[in-house]
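1. Here is my input; please provide its structure:
(one chain, ligands or ions: 1)
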Amino acid sequence: MLEVLPNIAKSQASYILNKPLVLPMNLTISVSYRCNSRCKTCNVWQRPNDDFTIEEYEKTFASLGQAPYWFTFSGGEPTLRKDLPDMVESAYRNCRPGIINIPTNGIQDKIIPGRIEKVLQAAPGSDVIINLSLDGVGTKHDEVRGVKGNFERAMRTYAGLKALKSRYKNFTLGIHTVVSNFNIDEFDNIRKFVLEELKPDQFISEIAEERVELDTVGMGITPPQEKYSAVIERLQEDIRNENSQGVARITQAFRQRYYDIVKRTLVEKRQIIPCMAGISSAQIAPNGDVWTCCIRAESVGNLREHNYDFGSVWRTAKANELRRSIKAGECYCPLANASYTNMLTHVPTMSSVALEVGQKTLMEALKGNNGKSSKLRNLPVINAAQEAQASSAEKVRV
Ligand code: SF4
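-> Numbering: from 1, shown residues only. Below is the predicted model of the structure:
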C-alpha cells in the first residue's frame with residue numbers, strides 16, 4: 001500500500017503546477033451502458049452501445065502499468081458482460097490494483113454469484129468489493145428500480161454472494177443505497193433492514209446526483225439538502241456509536257469528514273476541498289472516451305484514437321483545459337468516488353484525521369486498552385479508497 005504515497009505527492013505537485021505528472025490512482029471503468037434495471041434515477045440504459053472488447057481493455061491496462069491502485073468496474077450493469085472476469089484478470093495482471101470495486105443490481109440471481117466467484121479468482125491479491133444496490137425494501141425497491149421481482153432476486157443474489165465469503169478472504173460484500181426523492185422518506189426503513197437483517201460488511205449510501213453520464217440532468221431526482229442532511233446526521237451518529245479501533249478508527253474519521261463535505265457542498269454549492277478529478281481520478285466510458293469524472297462526462301480524448309495509450313489521452317489539450325476548469329472551481333459535487341481521492345491528497349484533511357486518530361488512540365492507551373485487531377470490513381465504509389489510505393496511514397503512524 002505504501003506504493004501509493006509517491007503517487008499522492010505527485011498528484012499534489014500536478015495540481016500546483018497545472019500539468020499531469022502522474023496517471024490516475026483511482027480509475028472507474030464503465031464496461032457497458034447496457035442494463036436490465038429501469039431505475040427512476042438513471043437513463044444510462046438508453047445510451048447507444050459501442051463497448052470496448054477484452055483486447056482493447058488489455059492494451060489500455062498495459063499502458064496504465066501500476067498507476068491505478070483502485071479500480072471500479074461499473075455500468076450499466078457490469079455483470080451483464082460475460083467477460084467481466086477476463087477484464088478483471090487483465091487489470092490485475094497489468095496493474096496489480098489494491099482494490100477492485102464492482103456494483104451490481106443483483107437481478108441475474110442465477111448467474112451473478114458464479115461470475116463474481118470467477119472475478120475473485122482472477123484477482124487473488126486485490127481486495128474485491130461487491131456492492132449490491134438496494135433502494136427500498138420489498139416492492140418499494142422494485143418500484144424505484146423499475147423491475148418487478150427485483151427485490152426477491154437481489155436477495156437471492158445476496159445469499160449466493162454471502163456464501164462465497166467463507167472461501168475468499170479478499171471479498172467484501174456491501175449494500176449500496178442511492179438516496180433520491182423517490183426513497184428518502186424510506187431511508188430509516190432501508191437502514192434498519194440492512195443493519196439488522198442483511199448485516200453486510202459495509203453499508204454505503206450516496207445522494208442521487210444529476211449526471212451527464214446517466215442522462216439525468218434536470219430530472220429533479222436529488223432530494224432537498226435539509227432532508228438529506230438529516231439522513232447524513234443519522235449515518236454520522238451510527239459512526240460515532242461504533243467503538244472501532246486501529247485501522248477502522250481511521251476509516252471512521254474519513255467517513256465523518258466525507259459526510260461533512262457532502263453537507264457543506266449541498267449548502268455552499270462549491271468545492272469544499274480541491275477536486276482532484278483529472279489528476280488522481282478518472283473514468284473510461286464503454287467506447288473508450290476518457291472523462292475526468294462521470295458528473296461532467298466530458299471526453300478529453302478517445303483511447304481508440306490514441307492507440308490505447310492512456311497517458312497520451314491524459315496529456316491532451318482538452319484534458320488540460322478541464323483540469324484548469326476544475327481547479328478554477330467551475331464545478332462542484334458530492335461524488336463519493338472523487339471525494340475520497342480528494343481527501344487523500346488534501347493535507348489539512350489528512351492532518352486532522354491523523355490528529356483525531358492519534359488523540360483517541362492515546363486516550364485509549366492511557367486507559368489501558370491499547371486496541372485490538374481492526375475489523376475494517378465490518379464497517380459501513382463508503383468506498384475503498386479510504387481503506388487504502390487508512391492502511392497506509394496506520395503503517396506510517398506505527
Ligand atoms: S467537483 Fe465533481 S463535477 Fe467537478 S470535476 Fe470534481 S467530481 Fe467532477
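2. all helices for the stretch 251-398 of the chain, in order.
-> Assigned helices in the stretch 251-398 of the chain, in chain order: 310-314, 317-327, 336-344, 347-366, 384-397 (criterion: DSSP state H, counting those that start in this stretch).
3. now the first one, how far from the centre of its chain.
-> Right, the one you point to is helix 310-314. The chain centroid and the centroid of helix 310-314 are separated by 22 Å, computed with C-alpha atoms, centre = their mean, to the nearest Å.
4. Report the buried residues of that helix.
-> For helix 310-314, burial by neighbour count (16 or more other C-beta atoms under 10 Å) applies to 310, 313, 314. Glycine gets a C-beta too; all of them are placed from N, C-alpha and C.
5. same check, this time on the second one
-> Residues 319, 320, 322, 323, 326, 327 are the ones in helix 317-327 that count as buried (16+ other C-beta under 10 Å).
6. Redo these as TSV? Include pLDDT and distance to residue 127.
-> Output for the buried residues of helix 317-327, formatted as TSV (pLDDT from 0 to 100; distance: C-beta to C-beta, whole Å):
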residue	pLDDT	distance to residue 127
319	97	29
320	96	33
322	97	30
323	97	29
326	97	28
327	97	31
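7. on that earlier part again, please work out which of the helices of the stretch 251-398 of the chain is packed deepest.
-> Using mean count of other C-beta atoms under 10 Å, the stretch among the helices of the stretch 251-398 of the chain with the largest mean neighbour count is helix 336-344, at a mean of 26.
8. hmm, who's touching it?
-> Identification of contacts with helix 336-344 by C-beta atoms under 8 Å, 6 or more residues apart in numbering yields 4, 8, 25-26, 28, 70, 72, 204, 206, 254, 257-258, 261-262, 273-277, 280-281, 293-294, 349-350, 382-383, 385-386, 388-389.
9. Now list the buried members of these.
-> Neighbour-count burial (16+ other C-beta under 10 Å) is assigned, among these, to 4, 8, 25-26, 28, 70, 72, 204, 206, 254, 257-258, 261-262, 273, 275-277, 280-281, 293-294, 349-350, 382-383, 385-386, 388-389.
10. Can you tell me the element residue 211 falls in?
-> If you go by DSSP states H and E, residue 211 is not part of any helix or strand.
11. what residues are up against the nearest residue to residue 294 once chain neighbours are set aside?
-> Distances taken as C-beta to C-beta, 6 or more residues apart in numbering place residue 213 nearest to residue 294, at 4.1 Å, with adjacent residues excluded. Applying C-beta under 8 Å, 6+ apart, we find residue 213 in contact with 30, 44, 283, 285, 291, 294, 295, 297.
12. Report the contact partners of the last one.
-> Under the criterion of C-beta under 8 Å, 6+ apart, the contact partners of residue 297 comprise 211, 212, 213, 283, 285, 291.
13. Kindly report the same for the first one.
-> The neighbourhood of residue 30, defined by C-beta under 8 Å, 6+ apart, consists of 74, 75, 76, 213, 283, 284, 285, 286, 294.
14. tell me the phi and psi of it?
-> phi -90, psi 110 (degrees, to the nearest 10).
15. For it, give the beta-bridge partners.
-> Following DSSP bridges, residue 30 is listed with bridge partners residue 74.
16. where exactly do the helices run in the stretch 1-150 of the chain?
-> Under the criterion DSSP H, counting those that start in this stretch, the stretch 1-150 of the chain contains helices at 4-17, 54-64, 84-95, 112-122, 139-145, 150-162.
17. The last one - contacts with which helices or strands?
-> Put plainly, it is helix 150-162. Secondary-structure packing of helix 150-162 (3 or more C-beta pairs under 8 Å, 6 or more residues apart in numbering; DSSP states H and E): helix 112-122, strand 127-133, helix 139-145, strand 171-179.
18. now for the third one, which elements pack on it?
-> Contact partners of helix 139-145 among helices and strands, from 3+ C-beta pairs under 8 Å, 6+ apart: helix 150-162.
19. report the angle between the axes of the helix it packs on and strand 171-179?
-> 160 degrees (axes from the mean of the first three to the mean of the last three C-alpha atoms, to 10 degrees).
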